[in-house]
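*Asks:* Sequence plus predicted model, see below.
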Amino acid sequence: MQASHEIRVMADVSASELDSLLERGWRRFGPVYFRPVCGTCAQCISVRIDVEKFALTRNLRRIANKCAQIEMVVRPPIFSLDRFKLYQRWHQMREAARHWEPDATSARTFAVTFCLPHACAREVAYYQNSELIALAYADITDTSLSAVYCVYEPEKSDYSLGTFNVLSSIDFARKNGLRYVYLGYCVLDCASLVYKARFAAKERLIGRPRLSEAPIWQQWQYP
């Protein structure tokens, strides 16, 4: 399946400027800002969680309880070979389980994509018994947290660490007075992206508004 994206390469984007981009469906990898603009397809649904309205379901509470002893550390991103190798192990697991294309990301590309200095960039590291078992990247503005990417040790799959990272992001946002957690794009026909529809208090962006247009977000009840 082919996709079309609007892409901008920008430096020195402020927190308020990033907020405006997030509200209009943009995402960021390093200095590259992008959003889908496919002319005949609208399967990529921009999703965010209203933190004030979010409540745990029974299944999500079970995941949160199972991961209760996992320590979360939030800090500016740093590059290390251990982090890059964790990313590689996770991607190889995904390639085998979901038939993803083999990944050719180099250590340099990984560093630029996730560790490039940015005013809003944060690394979220998860530790179990002092062992790094998951690594997530997020952008944090004055009002929002944007979940960028998350990888974890394949042998820890039973902990549902991707879901736990979303729950941790919501909890972090609530404790720090942030209103929204942006989850990026949900694609209902994609096994790797449909999980974003399972969270309550979610909203979807209508269309792809320009920066000069007011964004319209509506409550989304799916499923």
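*Replies:* That came through, no problem.
*Asks:* Show me where this protein dips below the pLDDT cut-off.
*Replies:* 1-2 (pLDDT under 70).
*Asks:* those strands in it, which residues are they?
*Replies:* Assigned by DSSP state E, the strands in the chain fall at 5-9, 27-29, 32-36, 45-50, 71-75, 121-128, 131-140, 144-152, 180-186, 202-205, 217-219.
*Asks:* Same list (the ones you listed) but as TSV, adding mean neighbour count and distance to N165.
*Replies:* Backbone N, C-alpha and C define where each C-beta goes, glycine included. Putting the strands of the chain into TSV (neighbours: other C-beta atoms under 10 Å; distance: least, C-beta to C-beta, whole Å) gives the following:
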stretch	mean neighbour count	distance to N165
strand 5-9	11	24
strand 27-29	19	16
strand 32-36	17	21
strand 45-50	23	13
strand 71-75	13	9
strand 121-128	19	7
strand 131-140	21	5
strand 144-152	22	5
strand 180-186	22	10
strand 202-205	20	16
strand 217-219	12	22
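*Asks:* can I get those strands in CSV with distance to N59?
*Replies:* What follows is these, written out as CSV (distance: least, C-beta to C-beta, whole Å):
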stretch, distance to N59
strand 5-9, 33
strand 27-29, 27
strand 32-36, 29
strand 45-50, 16
strand 71-75, 21
strand 121-128, 20
strand 131-140, 19
strand 144-152, 19
strand 180-186, 17
strand 202-205, 16
strand 217-219, 21
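*Asks:* so P76 touches R122, yeah?
*Replies:* Yes - assessed by C-beta atoms under 8 Å, P76 is found in contact with R122 at 6.5 Å.
*Asks:* Excluding covalently adjacent residues, which one is nearest to D189?
*Replies:* Taking C-beta to C-beta, 6 or more residues apart in numbering, and ignoring the residues beside it in sequence, D189 has Q43 as its nearest neighbour in space, at 6.6 Å.
*Asks:* so the one you found touches L188, yeah?
*Replies:* Yes - proximity of Q43 to L188 meets the contact threshold set by C-beta under 8 Å, at 7.1 Å.
*Asks:* Neighbour count: these two, which is higher?
*Replies:* Neighbour totals were compared for Q43 and L188, and Q43 leads with 15 against 12 (other C-beta atoms under 10 Å).
*Asks:* need the contact list for the more buried one.
*Replies:* Residues in contact with Q43 (C-beta atoms under 8 Å, 6 or more residues apart in numbering) are 187-189.
*Asks:* tell me which residues in the longest helix along the chain are buried?
*Replies:* Longest helix in the chain by number of residues (criterion: DSSP state H): helix 81-98. Within helix 81-98, the residues that qualify as buried by neighbour count (16 or more other C-beta atoms under 10 Å) are 83-84, 86-87, 90-91, 93.
*Asks:* how big is the angle separating it from strand 121-128?
*Replies:* For the pair helix 81-98 and strand 121-128, the angle between their directions (axes from the mean of the first three to the mean of the last three C-alpha atoms, to 10 degrees) equals 80 degrees.
*Asks:* Report the angle between helix 81-98 and strand 131-140.
*Replies:* Using the same axes, to 10 degrees, helix 81-98 lies at 90 degrees relative to strand 131-140.
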